[in-house]
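Enquirer: kindly generate the corresponding structure for this input.
(chains A and B)
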Amino acid sequence: MTSLGRFSLLLAAPLLLTRCSATTADLEPIAWQKVPGSAPGGAVLGLGNPGNFDERGNFTISAFKDGDVYKLYYGGADTTPPCAGINSAHWRIGLAQSNDGLAWTRVPGTETGGAILDIGAAGNFDDYLTYRPYVLKDGSVYRMWYNGSTKPFNCPTGTLADNRRIGYAESTDGVHFTRFYDGPGPGGSVLPIGDPGAIDAQQVGYVWVIRDGAEYKMYYSANDAGNFWRVALAVSADARNWTKVPGKQFGGSVLDLGPAGSFDVACAYQPSVFKERDQLYRMWYRGCQAPGAFGGPSRGVIGYAESNDGRTWVKVRQPGPFGEALSVGTAGQFDSAGLTTPSVFLDGNTWTMYYAGFDTTGQFLTGLARAPRR
Amino acid sequence: MRRWGIAFIPLALAAGAARAQTMLDQEQRLIEIHSLLIALQPGNAPGAYRSGELSLGLEIIVIPPIDGTTGGKRQITASDQTPVFPRPRLAIGLPAPEDFRAFVGLAYIPPIKINEVSSHQGALEAGLAWDRGGPLSAGIRGYVVVARSESPVTEPTTRDTLDTVDFGADLGAGYRFDFGPGSVTPFASVGVSRISGEFHVTSDNSVLNSTTTNPGITAGVRLLSKLGLEGVAELVVFPGRLVHPSFSLAWVFDLSSKR
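Expert: Here you go, the predicted model:
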């Protein structure tokens, strides 16, 4: 080969390389592992004693670590007839505490059946159901937002509660809460419902609030006239007066339903939001693959989304069979039929998720999953 | 030729990327890739220019396929817009002590919008090389790049902005082979590039940042004709981030002989 030929080949060498590349790298999602508890089916919180407010089930939880103590706020169902399971039950709010996050002790409240927050007095927006507490320890104040309704969950069968509103209560000890009925929503609830046609035209609830610098962000579940649930956002400077902030997704939501065939095509709501660091917000939420027999959510798994600013969210596929972060349990487990209300926080270097699960008989209990932080 | 190809393979393999933990990791990786793409790499063998020599050239930077997947979304990347982009470069040899050569260089791209993309950047480089007139030369070089690029990234209808400041330094060596009509000089360098990228998402009015220090390896070859035409091909490797070639064609002449 001539010298010139060799030099030409040298010049061309970079072109001959086939591995020129630039990649954002594959994601390595958080690897959740369910932690079996000692309650039935591997749940971590079993049924309350007979006569207690939560003897029929516990569900719609939120949890956090308060100093060295884990606190689990939850909704509990009694046995109010006539419909089966939790469908005609009154739902109230209870508290359990733990030193290890696995073995829980109920904190007896002073309200009906040991609840810490009873249903509202007759005529209030929360006089039948008072549940799904979300508690934010904000300085010396425990702020609680909860769901309230004047209707039973599903009784007579096929008649679903359709007037959930957001309630607010405060406490200085995390046990004794005082309600406020001073919001701009119906009956003094926290948020007004949307105009006809809006994504929150029918119901609002399932709140998660974070304090983000000087701003409080409330991620709330918005329910439209077709009984589809999405996630929407409101912000506040004082945690009391809220302004809805339209998101970029359908109808102003910040998290919309998934496309046809996805695990969250029928519902995407009940957010649990964690700001890990600047530019990194994480959200876990409940997704439903199909509507229930009478409309509304059904079954359910836990999905995952991320955001850089807490306002624009992108769903991120996770390792579950349908892209979910946490799947239903196997037959015989307490969560074999569906998962609801994820509640995630970082416990040292361990991601910790409490959630409510239910089996094929409609029995609701609370479960735990953990994952190492990488 | 096969031996040369084999020599490049370890450099290319070094670009294997670590896995990302979050969508943010992937977004920051995209900022880094696009910032490194405009890093001012050596573009030549150390001591390429004698005092008084001026090189006026055009660099063609090849953009490899950039996977814009971040979380459940796909961002529009530079490779979706164009396979290459040009960068005019100028270098001039400076007076230096005996057995040394020095140079300064400039690069500039004006803010001309083509296909909804514009990149306004300026760069400065300077280097000093040991060169006793024999075939072997070795040198050190430093550079800084300041750039603002505007293009649709997050959505096809918006124009997002990436502000980048890159600076770095490298150590290089070259070996010149003289032949009839000119010379050919294979060269290689190792160095580091510090990049700070600030990505402005127009539709969200939000900002993403990434600041990293990246080791870099460059290998290339310079072909210089006695008529003053210069061609350079080089492969740039930032392990875990980016592997891409660039090519340049320049006219080299001696300013002192023109006077």
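
Enquirer: how about chain B: which residue is closest to chain A?
Expert: In chain B, no residue comes nearer to chain A than B:Pro245, which is 3.4 Å away by CB to the nearest CB. Just so you know, the C-beta spots here come from the backbone N, C-alpha and C atoms, and that holds for glycine as well.

Enquirer: can you list contacts of the helix or strand A:Arg92 falls within?
Expert: Using DSSP states H and E, A:Arg92 sits within strand A:91-98. The set of residues external to strand A:91-98 that reach it, using CB atoms under 8 Å, 6 or more residues apart in numbering or on different chains, is A:45, A:48, A:53-54, A:58, A:60, A:69-78, A:104-107, A:109, A:111-119, A:129-131, A:133, A:144, A:146, A:153, A:174-175.

Enquirer: just checking, which helix or strand succeeds it along the chain?
Expert: Remark: after strand A:91-98, the chain's next helix or strand is strand A:104-107, criterion DSSP H and E.

Enquirer: what segments of chain A are helices?
Expert: Listed from the start of the chain, chain A has helices (DSSP state H) covering A:3-16.

Enquirer: OK, contacts around A:Thr172?
Expert: By CB under 8 Å, 6+ apart, the contact list for A:Thr172 reads A:Ser140, A:Val141, A:Tyr142.

Enquirer: ok, and the most crowded of the residues you listed?
Expert: A:Tyr142 (21 neighbours; other CB atoms under 10 Å in any protein chain shown).

Enquirer: only alpha carbons, please: show the top helix by length along chain B as PDB.
Expert: In chain B, with assignment by DSSP H, the single longest helix is helix B:23-37. As requested, C-alpha coordinates have been extracted for helix B:23-37 and formatted as PDB (Å, rounded to 0.1, in the frame of the first residue of the first chain):
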ATOM      1  CA  MET B  23     -35.700  10.500  34.700                       C
ATOM      2  CA  LEU B  24     -33.800  13.500  36.000                       C
ATOM      3  CA  ASP B  25     -30.600  11.500  35.600                       C
ATOM      4  CA  GLN B  26     -31.500  10.900  31.900                       C
ATOM      5  CA  GLU B  27     -32.400  14.600  31.400                       C
ATOM      6  CA  GLN B  28     -29.100  15.700  32.900                       C
ATOM      7  CA  ARG B  29     -27.300  13.100  30.700                       C
ATOM      8  CA  LEU B  30     -28.900  14.800  27.700                       C
ATOM      9  CA  ILE B  31     -27.600  18.200  28.900                       C
ATOM     10  CA  GLU B  32     -24.200  16.700  29.300                       C
ATOM     11  CA  ILE B  33     -24.200  15.000  25.900                       C
ATOM     12  CA  HIS B  34     -25.200  18.200  24.100                       C
ATOM     13  CA  SER B  35     -22.700  20.300  26.100                       C
ATOM     14  CA  LEU B  36     -19.900  17.900  25.300                       C
ATOM     15  CA  LEU B  37     -20.800  17.800  21.700                       C
END
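
Enquirer: return the distance of B:Tyr175 relative to A:Thr150.
Expert: Noted for B:Tyr175: a distance of 87 Å to A:Thr150, by CB to CB, to the nearest Å.

Enquirer: oh sorry, the question was meant for A:Leu365
Expert: 26 Å.

Enquirer: for B:Gly71, same thing?
Expert: When distances are taken as CB to CB, B:Gly71 and A:Thr150 turn out to be 40 Å apart.

Enquirer: need phi/psi at B:Gln81.
Expert: Dihedral pair for B:Gln81: phi -100, psi -40, per degrees, to the nearest 10.

Enquirer: strands along the stretch 101-250 of chain A, start to end?
Expert: Shown for the stretch 101-250 of chain A, the strands assigned by DSSP state E, counting those that start in this stretch span residues A:104-107, A:129-138, A:141-149, A:165-171, A:178-180, A:203-212, A:215-223, A:229-236, A:243-245.

Enquirer: dig out what residue 58 forms beta bridges with.
Expert: Using chain A here. For A:Asn58, the beta-bridge partners are A:Gly76 (DSSP bridges).

Enquirer: hmm, no, I was thinking of chain B.
Expert: With DSSP bridges as the criterion, the beta-bridge partners of B:Leu58 are B:Pro88, B:Leu249.

Enquirer: that one: how many residues sit nearby?
Expert: Using other CB under 10 Å as the criterion, the residues surrounding B:Leu58 number 13.

Enquirer: re the thing from before, which of the contacts of strand A:91-98 count as buried?
Expert: Among the contacts of strand A:91-98, the ones that count as buried by 16 or more other CB atoms under 10 Å in any protein chain shown are A:45, A:48, A:53-54, A:58, A:60, A:70-78, A:104, A:106-107, A:109, A:111, A:113-119, A:129-131, A:133, A:144, A:146, A:153, A:174-175.

Enquirer: how about the residues of the stretch 251-374 of chain A by chain B?
Expert: Taking CB under 8 Å from any CB of the partner chain as the criterion, the neighbours of chain B within the stretch 251-374 of chain A are A:279-280, A:282, A:305-306, A:308-309, A:311-312, A:314-317, A:374.

Enquirer: spatially, which two of those are the most separated?
Expert: Farthest pair in these (CB to CB) is A:Arg311 and A:Arg374. Separation: 25.9 Å.

Enquirer: compare those two (neighbour count), which wins?
Expert: In terms of neighbours (other CB under 10 Å), A:Arg311 is the more surrounded of A:Arg311 and A:Arg374; the figures are 18 against 11.

Enquirer: dump the residue contacts of the residue nearest to A:Ala201 when sequence neighbours are not counted.
Expert: When the adjacent residues along the chain are set aside, A:Ala201 lies closest to A:Gly194, with 4.7 Å between them (CB to CB, 6 or more residues apart in numbering or on different chains). Taking CB under 8 Å, 6+ apart as the contact definition, A:Gly194 lies against A:Asp200, A:Ala201, A:Ala222.
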